[in-house]
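sequence unavailable; structure follows:
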């Protein structure tokens, strides 16, 4: 009879492996780069794709929405992140081995592209299961299951960026990659609303008649309780969805020398002009309904003006101005800056730990959500979360809108640092006084998020490279403390308040903000793991050193 395994989720520090000898640091870095990529290509990869993290022995891989040996993640910390690291290695060294690694990763994305043009959060490679997914690579799309193309969390945008850059490096000669990339660009273009916005995700392309172009305004009233409505079709800035889309099309216009793609990006900018709220809160909401009112999304995302996405909206407007020279994209920024700078939360002598980390003493602290009209900070109370294998996530308590920020949810940031506003204002002042012809972005961009002004990853010091080299394991990759997870989890409970757990008559206290998980079997939970994000960062650092 199987036994149950009980575990409390705790963080653990990085443990470094024994130092490796080597007099020539440059050669060591080059050798380490090649060895690590070989391990990831030959031992970690599934069809060219990757999970967020793996058990140290590679017996199990897991991402937020994908797990196991036949799936990989398209969320940015998985497949796109690793593929971009391969491209950095190729650009730094000129070694086509790294370009072939990136080609394999793009090939995985070709196999995971949906019939409606984009990508969902995972790719399934098991042939017996792929029939449940509408993958273009598997034949005609008629009479196939429907699945959302996801724009949230930089999913389709990150996949598209990687595809475009690999396509360019291959001279647009890999037919499958080139065709799939152009199909994605045309499909995501069709998913754009008449006002220039995009949804969080879509199955079918929108009917323009159903989405009249309007300017943002305040609703007469808004529900204080989550209505549970389907928010996927809302006009979405949340998680930088719109900024990622605009920036990807700006890059596409350069790579393919295609003015149509620049027009798509401009329409996205035009939406930001429409979406700026009128006084007294001239910034932006996370999402809007068809009437252009700030709207509910998930249970912890109420109608509001946001201190977070408003900053990314201003940054992308500055970026569009760089590419177009059209001053209308600068016009919303002064009012938005003045509003946000005046919206700091009151000083808090005893802030919650997460608030203190986000907003150290003396810095401007913004709410993620500001109440419509009143501009008071809105927060969401902490709630218990229960997940049982095969079931949906259950939230039996909490998740209420409140003005009190001392017992809030911890899985979603409730506070936003106002420190970036100074840099946004400085960029605005500089660009306003500069000839637009002289401020265009570089032809070759780096990373997966909207362009931040960095031409390339910075070159690390000799000491940092030595640390990276000395922290490898015997295979030449990086292993760190943490929990990769297991496929046989039966249940998990997140404690929103102090609780106790009873096991065989023994009572164990469970502090708040802790998680208890239950697994089948008697095998211990693996607590050493390989993390794709760490791998990619180290590959990029070694590549920058060799550049």
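Ah, there it is. None of these values were measured; they are calculated from a predicted model.

and after the helix or strand hosting residue 248, which helix or strand comes next?
Secondary structure from DSSP states H and E places residue 248 in helix 241-255. Using DSSP H and E, the helix or strand that follows helix 241-255 in sequence is helix 259-275.

elements contacting that following helix?
Contact partners of helix 259-275 among helices and strands, from 3 or more Cβ pairs under 8 Å, 6 or more residues apart in numbering; DSSP states H and E: helix 175-190, helix 241-255, helix 309-324. Heads up, the C-betas are built off the backbone N, CA and C, glycines and all.

tell me the domain boundaries of the protein?
The chain breaks down by automatic domain parsing into domains covering 11-190+457-486+527-547, 194-344+418-456.

how about a markdown table for these, with mean pLDDT and distance to residue 385 added?
Compiled in a markdown table, the domains of the chain are given as follows (pLDDT from 0 to 100; distance: least, Cβ to Cβ, whole Å):
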| stretch | mean pLDDT | distance to residue 385 |
| --- | --- | --- |
| domain 11-190+457-486+527-547 | 93 | 14 |
| domain 194-344+418-456 | 95 | 11 |
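
for residue 389, find the nearest of those.
domain 11-190+457-486+527-547 (11.3 Å; Cβ to Cβ).

geometric centre of this structure: which residue is closest?
Against the mean C-alpha coordinate of the chain, by Cα atoms, centre = their mean, the closest residue is residue 153 at 3.8 Å.

my read: it touches residue 73, true?
No. With contacts counted by Cβ atoms under 8 Å, residue 153 stays clear of residue 73, the gap being 10.6 Å.

overlap of the contact sets of those two?
residue 121 (Cβ atoms under 8 Å, 6 or more residues apart in numbering).

how about the helices in this structure?
With helices called from DSSP state H, the chain shows them at 25-39, 79-93, 96-112, 155-169, 175-190, 241-255, 259-275, 309-324, 333-341, 353-358, 420-432, 462-470, 532-546.

okay, those helices in JSON lines with distance to residue 220 and mean neighbour count next?
What follows is the helices of the chain, written out as JSON lines (distance: least, Cβ to Cβ, whole Å; neighbours: other Cβ atoms under 10 Å):
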{"stretch": "helix 25-39", "distance to residue 220": "58", "mean neighbour count": "18"}
{"stretch": "helix 79-93", "distance to residue 220": "42", "mean neighbour count": "25"}
{"stretch": "helix 96-112", "distance to residue 220": "44", "mean neighbour count": "22"}
{"stretch": "helix 155-169", "distance to residue 220": "35", "mean neighbour count": "26"}
{"stretch": "helix 175-190", "distance to residue 220": "34", "mean neighbour count": "18"}
{"stretch": "helix 241-255", "distance to residue 220": "26", "mean neighbour count": "25"}
{"stretch": "helix 259-275", "distance to residue 220": "19", "mean neighbour count": "19"}
{"stretch": "helix 309-324", "distance to residue 220": "23", "mean neighbour count": "24"}
{"stretch": "helix 333-341", "distance to residue 220": "22", "mean neighbour count": "19"}
{"stretch": "helix 353-358", "distance to residue 220": "32", "mean neighbour count": "15"}
{"stretch": "helix 420-432", "distance to residue 220": "31", "mean neighbour count": "15"}
{"stretch": "helix 462-470", "distance to residue 220": "56", "mean neighbour count": "16"}
{"stretch": "helix 532-546", "distance to residue 220": "45", "mean neighbour count": "22"}
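
closest to residue 118 out of those?
Shortest separation from residue 118 across the helices of the chain is recorded for helix 155-169, at 3.7 Å, computed as Cβ to Cβ.

could you find the closest non-adjacent residue to residue 364?
Distances taken as Cβ to Cβ, 6 or more residues apart in numbering place residue 418 nearest to residue 364, at 2.9 Å, with adjacent residues excluded.

correct me, but the one you found touches residue 368?
No. Residue 418 sits out of contact with residue 368 when judged by Cβ under 8 Å, with a separation of 11.9 Å.

who has more neighbours out of these two?
When neighbours are counted by other Cβ atoms under 10 Å, residue 418 and residue 368 differ, and residue 368 comes out ahead with 23 against 19.

where does the more buried one fall, phi/psi-wise?
Reported as degrees, to the nearest 10, the phi and psi values for residue 368 are phi -60, psi -40.

how close does it get to residue 390?
Distance, residue 368 to residue 390, by Cβ to Cβ, to the nearest Å: 33 Å.

one step back: give the contact list for the closest residue to the residue nearest to the centre of the chain other than its chain neighbours.
In space, residue 153 comes closest to residue 239 once its chain neighbours are excluded; the distance is 5.3 Å by Cβ to Cβ, 6+ apart. With contact set as Cβ under 8 Å, 6+ apart, residue 239 has these partners: 152, 153, 154.

and for residue 375?
For residue 375, the set of contacting residues under the criterion of Cβ under 8 Å, 6+ apart consists of 280, 281, 305, 343.

wait, doesn't the third one sit right on residue 370?
Yes. Applying Cβ under 8 Å, one finds residue 305 in contact with residue 370, separated by 4.6 Å.

tell me which of those two has more neighbours.
More neighbours sit around residue 305 than around the other of residue 305 and residue 370, counting by other Cβ under 10 Å; the figures are 30 against 25.

list the contacts of stretch 50-63.
Residues from elsewhere that reach stretch 50-63, judged by Cβ under 8 Å, 6+ apart: 40, 43-44, 46, 64, 66-69, 71-73, 75, 77-79, 81-82, 105, 121-122, 479, 482, 484-487, 526, 528-533.

just those: which are in strands?
In strands, judged by DSSP state E, the following of the contacts of stretch 50-63 are found: 71, 72, 73, 122, 528, 529, 530, 531.

can you count the residues close to the fourth one?
By the criterion of other Cβ under 10 Å, residue 122 has 23 neighbours.

surely it touches residue 70?
No. Using Cβ under 8 Å as the test, residue 122 is too far from residue 70 to be in contact (10.1 Å).

for residue 216, find the nearest of the helices of the chain.
Ranking those by distance to residue 216, with Cβ to Cβ as the measure, places helix 259-275 first at 4.9 Å.
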